[in-house]
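**Student:** Starting from these lines, generate the structure:
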Amino acid sequence: MGCDGSLSAVKGTIKPILDRVLVSDMHFGDTTTSGGIVVLGDDGKDRGIHPRWAKVFAKGPENKDPYEVGDWILIEHGRWTRGFRYETDDGEITLRMAETKSIMLWSNEQPVNTISIL
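**Tutor:** Model (predicted):
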């Protein structure tokens, strides 16, 4: 653990156990619309309570769901762990463990982050 309380990046090979799934590329920050409008991040606010897309990084050996590593899954709000840093050959990424039974949809293409005002 670092002096500021942060954890060092995990190195080496990691594999989820059982039917668990590790994900990356979850978006929590600001978004810019195609028209150039910046929409501030809403995580932790009432309007920030919504499902989020994530990219499948790894699946446990007992996970028989149809999505594969590299696919995108939509996860019910809050059904993921806090992130931890993982060191890859290309740099560091943030990984989270997603709750398998809370995966709602999957796509083999990266979804467009759209904002709907109802």
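**Student:** Could you say which helix or strand holds residue 92?
**Tutor:** Element membership for residue 92 (DSSP states H and E) is strand 91-98.
**Student:** what's residue 83 in contact with, if anything?
**Tutor:** Going by CB atoms under 8 Å, 6 or more residues apart in numbering, residue 83 touches 26, 94-96. From N, CA and C alone the C-beta is placed, and that goes for glycine too.
**Student:** Could you do residue 79 as well?
**Tutor:** So residue 79 contacts 98-99, 102 (CB under 8 Å, 6+ apart).
**Student:** Go again with 10 Å.
**Tutor:** 51-52, 96-104 (CB atoms under 10 Å, 6 or more residues apart in numbering).
**Student:** between those, which has the most around it?
**Tutor:** residue 98 (24 neighbours; other CB atoms under 10 Å).
**Student:** Would you point out the helix or strand in the chain whose mean pLDDT is lowest?
**Tutor:** strand 31-32 (a mean of 62; mean pLDDT, DSSP states H and E).
**Student:** unless I'm mixing things up, residue 52 is touching residue 24, no?
**Tutor:** No. In this structure, residue 52 is not within contact of residue 24 by CB atoms under 10 Å, at 12.0 Å.
**Student:** and for the two, which residues touch both?
**Tutor:** residue 96.
**Student:** Which stretches in the protein count as strands?
**Tutor:** 21-24, 31-32, 38-39, 52-59, 72-75, 84-88, 91-98, 103-107 (DSSP state E).
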